[in-house]
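Enquirer: no sequence on this one, just coordinates:
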């Protein structure tokens, strides 16, 4: 009976090790999927220059380490005064993702006149050192202030 218990114990330990190895192999993917929500303050954001296709979210698609992806958005000032543009992010999930995924754009402090539209080029880069993140999301905030 003791030899039988030892055999069962060894089999259980071996199975646990194999499961751990399989899980580790499956979780070491280098492709990263993401989506993000677009929030606006004082401006409207669109996918097209004619401002007919509003942007509410961005799917950056699947990214790999040491790559980047750029998108173009069209920002319209619907207000009554020229606006200075700014961009920020919030609600990163996981919270450390922002350390590995810098987001930049070409419109920092750009001025958009009343009823005018400007084209913004946003670039999301993936650090070559990213680890432990297989998917992420964040909120993008584009604001216009007087």
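Expert: All right, it came through fine. All figures in this text were calculated on a predicted structure; none of them were measured in a lab.
Enquirer: Where does pLDDT dip in the protein?
Expert: Low-confidence segments of the chain, defined by pLDDT under 70, span residues 1-34.
Enquirer: all strands of it, in order?
Expert: Using DSSP state E, the strands found in the chain span residues 32-41, 43-46, 57-63, 68-77, 83-93, 103-105, 111-112, 117-125, 135-145.
Enquirer: Now do the same contact list for residue 40.
Expert: Residue 40 makes contact with 141-143, according to Cβ atoms under 8 Å, 6 or more residues apart in numbering. For every residue, glycine as well, the C-beta is placed using N, CA and C.
Enquirer: Show me the domain layout of this structure.
Expert: 1-29, 31-145 (automatic domain parsing).
Enquirer: Which stretch among these is buried most, on average?
Expert: Sort those by mean neighbour count, taking mean count of other Cβ atoms under 10 Å, and domain 31-145 sits at the top with a mean of 15.
Enquirer: what does stretch 89-100 rub up against?
Expert: Stretch 89-100 is contacted from outside by 37, 103, 126-127, 129-130, 133, 136-141, using Cβ under 8 Å, 6+ apart.
Enquirer: Take it and give me the span from its first residue to its final residue.
Expert: 14 Å (Cα to Cα, to the nearest Å).
Enquirer: so how far is it off the chain centroid?
Expert: Relative to its chain's centre, stretch 89-100 lies at 8 Å (Cα atoms, centre = their mean, to the nearest Å).
Enquirer: Okay, and the beta partners of the nearest residue to residue 57 once chain neighbours are set aside?
Expert: Leaving aside its sequence neighbours, residue 57 sits nearest to residue 37 (Cβ to Cβ, 6 or more residues apart in numbering; 5.3 Å). With DSSP bridges as the criterion, residue 37 is bridged to residue 57, residue 139.
Enquirer: ok now do residue 37, which residues does it touch?
Expert: 56-57, 91, 137, 139-140.
Enquirer: Pick out the most distant pair among those residues.
Expert: Taking Cβ to Cβ as the measure, the contacts of residue 37 span a maximum distance of 14.9 Å, between 56 and 91.
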